[in-house]
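>>> 3D model of this:
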Amino acid sequence: MAKRIGVLTSGGDAPGMNAAIRTVVRAAIHYNMEPWAVYRGYHGLIQGEVEPLNSRSVSGIIQRGGTILKSARSDHFRTKEGQKKAAATLEENGIDSLIVIGGDGSFKGALALQELGIKIIGIPATIDNDIACTDYSIGFDTAVNTVMEAVNKIRDTASSHERVYVVEVMGRDSGYIALFSGLAGGADVILIPEVPYDMAKVCEQIQAANQKGKTYNIVMVAEGVGQPQSPTGEFLVDESPSLAIARYIQQHTGYETRITILGHIQRGGAPTVRDRLLASRLAYHAIELIYQGKSGKMVGEVDQIVRSWDLSFALAQDKQLNLDYYHLSNILSSI
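Residues are numbered from 1 along each chain as shown. So this is what the prediction gives:
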């Protein structure tokens, strides 16, 4: 009997997941293995939502955002009982290995299954781009381009009304989206979790730009920057850091300020060429690893070369944001 390979997507969806699924299925068939779908992540695995796939199952999906396998959270899977039930589903259906497409939470779940004897391979897919051992994760490039499209439109109305716009993007612990889209979009100020910020200096930057003739401003904020502090050190608590930041700017500069929270629009949309290529390359390498009998690995791309690392090692690393981008943005916005 041919080796059976399961594939699931877990956690937040990311554009390019479908491209990865497509490659997993067709590459598995190429290597004479049977691809099986696991629907709704670990929740579906516990519930036994699995079925075989064929090449036509993944026809016409490479351009689609989201994931045809669906995704769901599972509190039950956090328990030993839930993990054992998930492993039992794989064993009962003769599934030899499992490919997990997702972020750090998904990979922690994969490691739990590995402890129960399940062979696993991880493919990094998260718009936050916060997984170590890969330059970029699937979905990041599309998310940044989505933000850029929105910022281009916000800039039109900001310039028309001569306002300050605070734009909040995703990034609970990582500033990649804010930093890359802020630099590419010509933001006057970029606030990210990795760099502490001072609201008095933020206001000074905005006022300095206006004194040089600028009539509107873009402030790019990652959702995880934390609540701002007043000059006396008190936290300015509000519904969100971005709302508190916007109110502070308006009160201390006198400039009319608006806020836009882009939210889940960043997760949707057709994946970019870069995300489709990245997903295809990583997924193919994942199948190669399974064909070679390897397990407990995560695939990633570093300097345009696809490699693999022990998944436990990758999860233990903190991905470092290249602050050269941040310093460059500060220089360009200060001129």
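>>> helix or strand: which one has Ser181?
Using DSSP states H and E, Ser181 maps to helix 176-184.
>>> please point out which parts of that helix sit buried.
Neighbour-count burial for helix 176-184, with 16 or more other Cβ atoms under 10 Å as criterion, is recorded at Tyr176, Ile177, Ala178, Leu179, Phe180, Ser181, Gly182, Leu183. (Each C-beta comes from the backbone N, C-alpha and C, glycine too.)
>>> any weak-confidence spans in this structure?
Residues of the chain meeting the criterion pLDDT under 70: 1-2, 230-238.
>>> tell me where it has helices.
With DSSP state H as the criterion, the chain has helices at 17-30, 41-47, 80-92, 104-114, 140-161, 176-184, 199-211, 241-253, 273-291, 311-316, 324-334.
>>> domain ranges for this protein, per the record?
The chain breaks down into these structural domains: 4-139+271-316, 141-267 (assignment by automatic domain parsing).
>>> which of these sits closest to Tyr325?
For the domains of the chain, distance to Tyr325 was read as Cβ to Cβ. The smallest value, 5.3 Å, belongs to domain 141-267.
>>> how far does the closest one stretch from one end to the other?
11 Å (Cα to Cα, to the nearest Å).
>>> and if you look at stretch 212-229?
Stretch 212-229 has an end-to-end distance of 27 Å (criterion: Cα to Cα).
>>> list the buried ones in it?
Of all the residues in stretch 212-229, those buried under the rule 16+ other Cβ under 10 Å are Tyr216, Asn217, Ile218, Val219, Met220, Val221, Ala222, Glu223, Gly224, Val225, Pro228, Gln229.
>>> go ahead and flag the most central residue of this protein.
The centroid of the chain falls nearest to Ile127 when counting by Cα atoms, centre = their mean (1.9 Å).
>>> which one of the buried residues of helix 176-184 sits closest to Gln317?
Using Cβ to Cβ, Tyr176 is the member of the buried residues of helix 176-184 that sits closest to Gln317, with 15.3 Å.
>>> which one is the closest one nearest to, not counting chain neighbours?
With Cβ to Cβ, 6 or more residues apart in numbering as the measure, Asn129 is the residue that lies nearest to Tyr176, at 4.2 Å, once sequence neighbours are left out.
>>> list the contacts for that neighbour?
With contact set as Cβ atoms under 8 Å, 6 or more residues apart in numbering, Asn129 has these partners: Tyr136, Ser137, Phe140, Ser174, Tyr176, Ile177, Lys319.
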